[in-house]
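Q: Following is a predicted model, sequence given first.
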Amino acid sequence: MSSVPAGARAQPAATHRLFFALVPDPATRERLAHVGEALAANRPGLRRVHPARYHATVHFLGNDTALRSGLVDAAVAAAGTVRGAPFAWTLDGVASFHGRQPPCVLRGTATPAGLQQLWHRLGQALLLNGLGGHLERRFIPHVTLAYSEGALLEPAPIAPIVWPVADFALLHSVVGQGGYRTLGCWALARG
């Protein structure tokens, strides 16, 4: 016998998303938001990302119908072994990626060595902790500012934004519910 009342529709299972990311400090977030506002002002049909959701994904750990504690524990253990120094990331161009609703992103002309090392070291730690199933072979660091209704944004330079990166975080979200929950944050320290 079904527990769903006659005529009612069962709610689809929530999709839990888990990933490591760089989260901008308040001053950087504000500079990113100004670029997002300028994009939206010049391109009708863009759906802006709320500035509280700005981040740069370092490693995506997947979607699931529940937030599994074993996965979180393994991710936290992996992150705890990663060492690296703070670095500055210069974002100096807007572009789009292909997709049903193409994301409009902010990117840097160059990927700083510190960011590349963080991606590599965290990836190795995830592999050693049994979480290699979702690791990407390529890393294209970016911050999504908006989504377009089908038209790709032509690549264009912007006044550089220097993002001082001092840590990385493990974030959890439930698709469609907005916002992220920080499950852990690890400082990058010199020495």
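A: Cool, got the structure.

Q: CA only for contacts and neighbour counts going forward, please
A: OK.

Q: List the contacts of Ile161.
A: Thr28, Arg31, Leu32, Thr90, Leu91, Asp92 (C-alpha atoms under 8 Å, 6 or more residues apart in numbering).

Q: Switch these over to TSV; also include distance to Gly114 and neighbour count.
A: Shown next, in TSV, are the contacts of Ile161 (distance: C-alpha to C-alpha, whole Å; neighbours: other C-alpha atoms under 10 Å):
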residue	distance to Gly114	neighbour count
Thr28	18	17
Arg31	22	16
Leu32	21	21
Thr90	12	18
Leu91	15	23
Asp92	17	17
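
Q: and of the residues you listed, the nearest to Val76?
A: Closest to Val76 out of the contacts of Ile161 is Thr28 (25.9 Å), distances taken as C-alpha to C-alpha.

Q: Apart from its neighbours in sequence, what residue is nearest the spatially most central residue of the chain?
A: Among the residues of the chain, the one closest to the centroid is Thr57, at 3.1 Å (C-alpha atoms, centre = their mean). Nearest residue to Thr57 in three dimensions, chain neighbours excluded: Ala21, at 4.2 Å (C-alpha to C-alpha, 6 or more residues apart in numbering).

Q: which other residues reach stretch 119-128?
A: For stretch 119-128, contacts defined as C-alpha under 8 Å, 6+ apart pick out Val58, His59, Ala74, Ala75, Ala78, Ala79, Thr81, Val82, Arg83, Gly132, Leu135, Phe139.

Q: Within the helices and strands, which one has the residue nearest to Thr57?
A: Using DSSP states H and E, Ala21 falls within strand 16-22.
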